[in-house]
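Asks: I need the structure of the sequence given here:
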Amino acid sequence: MSTPKVSAGVLTALMLSMLLAALDQTIVATAMPQIASEMGDMTYYSWIFSIYMIAELMAMPIFGKLSDLYGRKRMFLIGQALFIIGSALCGYADSLIELVLYRGIQGIGAGAIMPIAFAIVFDLFPADKRARMQAFLAAVFGIASVFGPIIGAVLTAYLHWRWIFYMNVPLGVLAVLLLIRYYKETYVRRHSMLDLPGLVLLFGSLAALLLAFEWAGSSFSWLSPQTAAIIGAFFILFVVFLRVERKAAEPFIPLHLFSSKRFAISQLVGLLQGAVMMVTIMFIPLYMQLASPNGVAASGYILMPMMIGLVLCTVIGGRLVERWTYRQALLLAGLLIMCGTLLLGAMHVIQADWLLIGGLIVLGGGLGLSFPILFTTSLHGAEQEHRGTINALVPFFRSIGGVIGVSIFGTIQLHRFANSATGDSGVSQNDLQAIHAWLQHSGGGDPNLQLLSEHLADSIIWVFQASAGVALLSLAAGLWIGRERLMIPPEPQTSETEHTHSRTHARQPGEV
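Replies: Model prediction:
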């Protein structure tokens with residue numbers, strides 16, 4: 001295996017790249033008022049967030065498969081280059097539409113970085129260390145979620161919002177240099193035709209699915225012809241995609257993977273837990289703006305207990321999965337997640353800071369435990385040629401769950417708010433969405449809207465109660481994961497500076 005120096009160099013490069021990609025999901029939040037003020041355009045305001053997530057999600061399975069075909073290092077460096085170029089262009093953007101376009105390039109790069117980083121760790125480290133090393137990468141995501149808005153606020157206040165993007169350039173280049181210096185990948189490439197029809201269909205179906213949940217309930221009604229048309233396009237493209245993938249020599253998503261009960265259950269659990277996580281991340285800050293005397297200031301740091309629990313338990317989960325069966329480990333994670341949501345849902349009875357903080361710590365702990373567990377269960381017994389794809393599918397399904405969960409629960413929460421508020425205040429339902437947005441930013445400080453603020457807080461607590469049902473489904477699904485445990489086979493000896501990534505024919509001259 002690689003020497004400790006080589007392993008540390010590669011792991012540093014991967015963690016730095018993951019940190020930058022994860023930070024850019026949240027770092028722009030506190031800079032948005034300055035960006036909108038400087039550019040004087042609110043038309044595409046929300047797309048600065050949305051385009052990054054959509055591009056990242058669509059890129060994950062695509063680059064995961066490409067890394068299986070053409071090597072981890074090459075695809076990772078391409079993704080890192082896209083991220084660096086996109087970051088530089090974002091800092092240079094002169095209009096909001098340019099910024100949205102360049103954020104899309106950033107998102108594609110991030111969609112390559114995240115899954116391939118996990119695949120490199122799986123290839124590089126021996127079996128008894130993989131779960132722990134992957135846990136460190138997963139912990140980086142939690143750290144970035146906490147500190148992203150804080151770093152964005154500091155850079156915006158003391159430098160300029162453009163430095164939010166410019167800082168990625170030197171740090172990204174450093175990660176590239178470290179990876180080039182320390183990661184010596186030898187792989188054997190297969191002569192195979194790239195599944196271009198599958199790529200186009202996968203791209204189109206994912207775009208339709210994500211846009212449906214992005215726009216439904218906000219830009220369009222769930223029952224509108226526009227929503228029906230987008231969802232219909234998704235189903236048509238997805239059915240055709242499945243038919244093409246069954247016949248493809250190198251499918252982007254090998255459908256036979258889902259014939260494994262363990263793999264299929266792992267993705268279902270990840271999807272459900274992703275919904276719980278993102279719903280909490282979205283609604284807890286809004287609840288704090290309404291319920292805390294400190295309002296917006298309190299909402300800025302309230303997620304920290306959740307992320308502390310997530311980071312600590314991610315590392316613990318990497319060790320736990322080495323000692324327990326998959327079912328035992330996943331059930332413990334599921335129980336913590338369900339208990340955390342129940343504590344948050346109990347705030348309508350006991351309005352206390354300890355209940356909120358305790359619920360977030362327990363919920364974050366359960367999510368942290370599940371991260372390395374789901375990677376390990378998904379990769380159990382996987383062929384070498386599919387590891388990149390699998391490492392992409394695990395975060396992909398979790399993120400898809402987050403998108404779907406936020407969209408559905410957001411719509412339900414708004415309707416519940418509307419039903420309770422119109423009954424007591426006589427406010428028109430047409431005004432409710434605007435009031436919802438106003439209260440989100442002001443915290444409901446206007447005495448004339450205090451009643452509406454209380455209704456909004458109650459509707460958010462109901463969301464936490466309902467998310468406990470999703471957590472229960474995740475817990476129940478974990479019962480079917482099986483009783484296998486991590487098998488640690490003897491590791492073959494390799495040179496000090498090389499790690500072999502098996503393929504079927506010798507590396508060509510000049511390949512990275």
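
Asks: Do a quick rundown of the helices in the stretch 1-150 of the chain.
Replies: Taking DSSP state H, counting those that start in this stretch, the helices of the stretch 1-150 of the chain run over residues 4-26, 32-39, 47-70, 72-92, 96-124, 127-158.

Asks: so after the longest one, what's the next helix or strand?
Replies: If you walk from helix 127-158 toward the C-terminus, the next helix or strand you reach (DSSP states H and E) is helix 163-166.

Asks: Kindly provide the whole-number mean pLDDT of that following helix.
Replies: Here helix 163-166 scores 92 as its mean pLDDT.

Asks: Can you pull out the residues in contact with it?
Replies: With Cβ atoms under 8 Å, 6 or more residues apart in numbering as the test, helix 163-166 has contacts from 24, 27-28, 31, 87-88, 90-91, 106, 151-152, 155-156. Heads up, the C-betas are built off the backbone N, CA and C, glycines and all.

Asks: can you check stretch 95-108 too?
Replies: So stretch 95-108 is contacted by 24, 35-36, 39, 41-45, 47-48, 51-56, 58-59, 79, 82-83, 85-87, 89-90, 93, 165 (Cβ under 8 Å, 6+ apart).

Asks: Identify each buried residue in it, please.
Replies: For stretch 95-108, the neighbour count (16 or more other Cβ atoms under 10 Å) marks 96, 99-108 as buried.

Asks: And those residues, which is closest to residue 222?
Replies: Set against residue 222, the nearest of the buried residues of stretch 95-108 by Cβ to Cβ is residue 100 (24.9 Å).

Asks: returning to that earlier point: closest one to residue 324 among the helices of the stretch 1-150 of the chain?
Replies: helix 127-158 (11.4 Å).

Asks: so what's residue 130 closest to, chain neighbours aside?
Replies: Leaving aside its sequence neighbours, residue 130 sits nearest to residue 122 (Cβ to Cβ, 6 or more residues apart in numbering; 5.5 Å).

Asks: tell me the contacts of that neighbour?
Replies: For residue 122, counting by Cβ under 8 Å, 6+ apart, the contacting residues are 130, 134, 379, 387, 391.

Asks: biggest separation within those, which pair?
Replies: 134 and 387 (11.9 Å).

Asks: before we move on, the earlier item: rebuild the contacts of residue 122 as JSON lines, extending it with distance to residue 399 and pLDDT.
Replies: Supplementary listing: the contacts of residue 122 in JSON lines, determined by distance: Cβ to Cβ, whole Å; pLDDT from 0 to 100:
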{"residue": "130", "distance to residue 399": "22", "pLDDT": "77"}
{"residue": "134", "distance to residue 399": "17", "pLDDT": "78"}
{"residue": "379", "distance to residue 399": "18", "pLDDT": "86"}
{"residue": "387", "distance to residue 399": "19", "pLDDT": "84"}
{"residue": "391", "distance to residue 399": "14", "pLDDT": "87"}
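
Asks: and residue 485, bridged to which residues?
Replies: residue 325 (DSSP bridges).

Asks: Low-confidence ranges, the stretch 51-200 of the chain, go.
Replies: Scanning the stretch 51-200 of the chain for pLDDT under 70 picks out 145-146, 187-192.

Asks: What is the least confident helix or strand in this structure?
Replies: strand 498-501 (a mean of 42; mean pLDDT, DSSP states H and E).

Asks: what's the domain layout of this protein?
Replies: The chain breaks down by automatic domain parsing into domains covering 1-184, 195-249, 254-486.

Asks: ok so, going back, out of the contacts of residue 122, which comes closest to residue 118?
Replies: residue 391 (4.2 Å).

Asks: And the closest one, which helix or strand is it part of?
Replies: helix 387-425.

Asks: Run the chain-centre distance for that helix.
Replies: Centroid separation for helix 387-425 versus its chain: 13 Å, with Cα atoms, centre = their mean, to the nearest Å.

Asks: and that helix, what does it pack onto?
Replies: helix 47-70, helix 96-124, helix 196-215, helix 261-291, helix 353-379, helix 429-442, helix 450-478 (3 or more Cβ pairs under 8 Å, 6 or more residues apart in numbering; DSSP states H and E).

Asks: Ok, which of those comes nearest residue 325?
Replies: helix 353-379 (10.3 Å).

Asks: Flag every buried residue along the helix holding residue 391.
Replies: For helix 387-425, using 16+ other Cβ under 10 Å, the buried residues are 387-411, 413-414, 416-418, 420-421, 425.

Asks: can you check stretch 233-252 too?
Replies: Applying 16+ other Cβ under 10 Å to stretch 233-252 flags 233-234, 237-238, 241, 244-245, 248, 250-252 as buried.

Asks: Can you tell me which of the residues you listed end up in helices?
Replies: 233-234, 237-238, 241, 244-245 (DSSP state H).

Asks: which one of these sits closest to residue 463?
Replies: Distance to residue 463 across those (Cβ to Cβ) is lowest for residue 234, with 25.3 Å.

Asks: ok, the residue nearest the centre of the chain to residue 171 distance?
Replies: In the chain, the centroid-proximal residue (Cα atoms, centre = their mean) is residue 399; its distance is 4.4 Å. Distance from residue 399 to residue 171, counting by Cβ to Cβ, to the nearest Å: 23 Å.

Asks: that older thread, any chance of the helices and strands packed on helix 387-425 in a markdown table, plus distance to residue 226?
Replies: Converted to a markdown table, the helices and strands packed on helix 387-425 look like this (distance: least, Cβ to Cβ, whole Å):
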| stretch | distance to residue 226 |
| --- | --- |
| helix 47-70 | 16 |
| helix 96-124 | 20 |
| helix 196-215 | 7 |
| helix 261-291 | 23 |
| helix 353-379 | 34 |
| helix 429-442 | 17 |
| helix 450-478 | 25 |
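
Asks: Out of those, which is closest to residue 312?
Replies: Short answer: helix 353-379, nearest of the helices and strands packed on helix 387-425 by Cβ to Cβ, at 6.6 Å.
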